[in-house]
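**Student:** prediction below, plus the sequence it came from.
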Amino acid sequence: MPAVLLRVNGTTHELDLEPQVSLLDALREHLGLTGTKKGCDQGACGACTVLADGVRVNACLALAVQYEGREITTIEGVASPLQAAFVAHDGFQCGYCTSGQICSAIGMLAEHGDGVPSAVTEHLAAGGVELTDAEIRERMSGNLCRCGAYNGIVAAIQEVAGADAAARVPAEAAR
């Protein structure tokens, strides 16, 4: 088996993996990082979402060898205000999807910050796209919650997005 170097949560790991091993299985079975969940194993539920160089990825559909040399962040490596916001807004119930939801929200907020439109973005004109509830729901639609905690998830993301936007306002404009 070929050695694969995976950099996960800031640490490089040398793993002997068959070429067909998914990133999800490498994380869970070879590195013991079980925060990333195996839901559908078909890329439909988002429970396995991780970040690769800050971009969200369904780890069940990705081959581990494809991510050699890239920075993989799992929920174990996340330190985000989204975590507290999910708790404050009851953005989880059973918790199974929560790690994927949080990783996806981090990636989604970065995409939004970069001006990437969604299917419901109304105007691509100058200026940022407003992060409405409809925008958040569309952008997070690849992550399913069987418990139906969507309202709390949207509220948590809105809180963090609002705090991030307020932090970017120059001090003079805030007066």
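**Tutor:** Structure's in. What do you need? Numbers count the residues shown, from 1 in each chain.
**Student:** alpha carbons only for contacts and neighbour counts from here, please
**Tutor:** Fine.
**Student:** now the helices: where do they sit in the protein?
**Tutor:** Using DSSP state H, the helices found in the chain span residues 23-25, 81-88, 98-113, 133-139, 150-168, 171-174.
**Student:** which among those is found nearest to Val55?
**Tutor:** Closest approach to Val55 among the helices of the chain (C-alpha to C-alpha): helix 98-113, 5.4 Å.
**Student:** how far does the closest one sit from the chain's center?
**Tutor:** 4 Å (C-alpha atoms, centre = their mean, to the nearest Å).
**Student:** what pLDDT, on average, does stretch 31-39 get?
**Tutor:** Average pLDDT, stretch 31-39: 97.
**Student:** leaving out chain neighbours, which residue sits closest to Arg7?
**Tutor:** Leaving aside its sequence neighbours, Arg7 sits nearest to Glu71 (C-alpha to C-alpha, 6 or more residues apart in numbering; 5.3 Å).
**Student:** give me the number of residues near the one you found?
**Tutor:** 19 (other C-alpha atoms under 10 Å).
**Student:** wait, what's in contact with it?
**Tutor:** Taking C-alpha atoms under 8 Å, 6 or more residues apart in numbering, we find Glu71 in contact with 6-10, 51-54.
**Student:** coming back round to it: would TSV of the helices of the chain with distance to His123 and mean neighbour count be doable?
**Tutor:** Output for these, formatted as TSV (distance: least, C-alpha to C-alpha, whole Å; neighbours: other C-alpha atoms under 10 Å):
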stretch	distance to His123	mean neighbour count
helix 23-25	36	24
helix 81-88	27	18
helix 98-113	13	23
helix 133-139	12	18
helix 150-168	19	17
helix 171-174	25	8
